[in-house]
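> Requesting a structural model of the entry that follows:
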Amino acid sequence: METKNLNSWIGNIIRNLLLRVTHPRIKHGRDFHCKLSCTVSSRVTSIKCGDYVGLGPNNIFMCDTEFGDYILTGPEVKFLNKSEHKIDQVGKDIFHSGWGELSSIIVEDDVWIGCSSIILGPCRIGKGSVIAAGSVVTKDVPQYSIIGGNPAKIIRERFSPSEILEHERQLAIRNCQ
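Below is the predicted model:
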């Protein structure tokens, strides 16, 4: 093994051991990469990550989140609740109004979430989707769509229907090897 690859491999082992101590609510599969700069709110009960998940630096988790396999997030991605605080409590100021309901976000397989995106739960990001940098996702994202903006809207489809079939066929072949 090359020195560079060996150092990367050892660094990943050390980082994942530290993550078990600093973020015990993060459960993950094979080949998991998470920067130690990620922040997890004390209200979060679990973050589940499948295989081949890479969480970028300074990601923030304020709600329960479940990732499928083959996921990448850029730096500064935020996973938040739509209703973090109660704002309709007559006779109470915002500070004393209490927490809103804890929501969850599901990110299906083969998804890329660009830098500084904000994902507001509850929502589901469909398989094969791409979220453009700086997007604010406020609702479910259809499979194989590329979305962007504030609020995020569909920019275009990632693949045509025939390309989706071929893409999934090739992924299935690769996963069987």
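> C-alpha only now, for contacts and for neighbours.
Fine.
> What residue in this structure is the furthest from its centre?
The C-alpha centroid of the chain is most remote from residue 91, which lies 36.9 Å away (CA atoms, centre = their mean).
> Poorly predicted segments of the protein, please.
Within the chain, the ranges that satisfy pLDDT under 70 run 1, 4, 7-8, 12, 15-16, 18-23.
> how does it look with 80?
For the chain, applying pLDDT under 80 flags the ranges 1-25, 36, 177.
> any chance you could map the helices in this structure?
Taking DSSP state H, the helices of the chain run over residues 3-22, 161-176.
> For residue 47, give its distance to residue 119.
14 Å (CA to CA, to the nearest Å).
> no wait, residue 173
To residue 119, residue 173 is 32 Å away according to CA to CA.
> who's more crowded, these two?
residue 119 (26 against 9; other CA atoms under 10 Å).
> That one contacts residue 78, correct?
Yes - here residue 119 reaches residue 78: they are 6.1 Å apart, a contact under CA atoms under 8 Å.
> Give me the number of neighbouring residues for residue 157.
Residue 157 sits with 16 neighbouring residues when counted by other CA under 10 Å.
> Over to residue 49?
For residue 49, using other CA under 10 Å, the count is 23.
> what does residue 113 give?
With other CA under 10 Å as criterion, residue 113 counts 26.
> Report the beta-bridge partner residues of it.
Beta-bridge partners for residue 113, by DSSP bridges, are residue 73, residue 131.
> For it, which residues are in contact?
With contacts defined as CA atoms under 8 Å, 6 or more residues apart in numbering, residue 113 is in contact with 72, 73, 74, 77, 130, 131, 132, 133.
> If we use 7 Å, what do you get?
Residues counted as contacts of residue 113 (CA atoms under 7 Å, 6 or more residues apart in numbering) are 72, 73, 74, 130, 131, 132.
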